[in-house]
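Asks: Fold the following and give me the result.
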Amino acid sequence: MKICGIDEAGRGPVIGPLVICGVLINEKQESTLKKLGVKDSKLLTPKQREQIAAELKKFMKFKIEIVSPQEIDECIMGETSNLNWLEADKTIKIIEALKPGKAIIDCPSPICKKYTEYIHERLEKKIPLKGEHKADVKYLVVGAASIIAKTTRDAEIEKIKSKVGVDFGSGYMADERTKMFLERYWNKYPEVFRHSWAPFKKLAGLKTQKKLGEF
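Replies: Residues are numbered from 1 along each chain as shown. Model prediction:
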């Protein structure tokens, strides 16, 4: 049976896209994933991730969805959706493209059952689904998806850095370089930020209030 593993990278940062990846393997290929050293991408060094991702792409079919900051903002600021359901909709596209016999999903929602049911109800072809927290740790096929998702997002971040000419770090607010970049360039490069994120809204709001007070 063909199994699809699905995971994402970049759900929380204020800069750059969310990347969701699905990989497709035959059950017998799990031993190959183990030999390659596949595990949750967070447990690997950047160099290890790059090396393993390159090997995975040689023999695995995979599908990537890159969700821009603008699409995330439209979702978050809308009245009928949230990031969980946006991610679920992208997951549906991945499953329907790969056509697996079953799929295992690293669940972003606190309620795995509801999230999995949402996806199952909207699939054209119904297949068994398993949605779990920390699935990237528990299942090699999901770990493989996490590696490709992470290396893809890292590549997207490097493209942004090249474009703006500034090394802003990881894009997460816990990173001091990211915080400094946001404070200095929020208005110069608005397209790289998630405007619906609290740090951007707070900063943009403060700056707007200051300008209004100057009149």
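Asks: Show me how this structure divides into domains.
Replies: 2-162, 165-213 (automatic domain parsing).
Asks: Redo those as a markdown table? Include mean pLDDT and mean neighbour count.
Replies: From N, CA and C alone the C-beta is placed, and that goes for glycine too. Output for these, formatted as a markdown table (pLDDT from 0 to 100; neighbours: other C-beta atoms under 10 Å):
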| stretch | mean pLDDT | mean neighbour count |
| --- | --- | --- |
| domain 2-162 | 96 | 19 |
| domain 165-213 | 87 | 15 |
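Asks: so where do the strands sit in this protein?
Replies: 2-9, 18-26, 61-67, 102-106, 129-132 (DSSP state E).
Asks: okay if I get the ones you listed as TSV plus distance to residue 179?
Replies: Putting these into TSV (distance: least, C-beta to C-beta, whole Å) gives the following:
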stretch	distance to residue 179
strand 2-9	21
strand 18-26	20
strand 61-67	23
strand 102-106	28
strand 129-132	33
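Asks: Among those strands, which comes closest to residue 205?
Replies: Checking the strands of the chain against residue 205 by C-beta to C-beta gives strand 18-26 as the closest, at 23.8 Å.
Asks: Mind giving me the packing neighbours of that closest one?
Replies: Counting contacts by 3 or more C-beta pairs under 8 Å, 6 or more residues apart in numbering; DSSP states H and E, strand 18-26 packs against strand 2-9, strand 61-67, helix 83-98, helix 140-164.
Asks: out of everything not next to it in sequence, what's closest to residue 204?
Replies: residue 186 (6.2 Å; C-beta to C-beta, 6 or more residues apart in numbering).
Asks: residues touching the one you found, list them.
Replies: 193, 200, 203-204, 207 (C-beta atoms under 8 Å, 6 or more residues apart in numbering).
Asks: Residue 59 against residue 35, yeah?
Replies: No - distance between residue 59 and residue 35: 12.0 Å, which falls outside the contact criterion (C-beta atoms under 8 Å).
Asks: now, among the contacts of residue 186, which is nearest to residue 39?
Replies: Nearest to residue 39 among the contacts of residue 186, counting by C-beta to C-beta, is residue 193 at 31.5 Å.
Asks: re earlier: so the residue nearest to residue 204 versus residue 195, what's the distance?
Replies: 9 Å (C-beta to C-beta, to the nearest Å).
Asks: Residues in contact with both of those two, list them for me.
Replies: residue 204.
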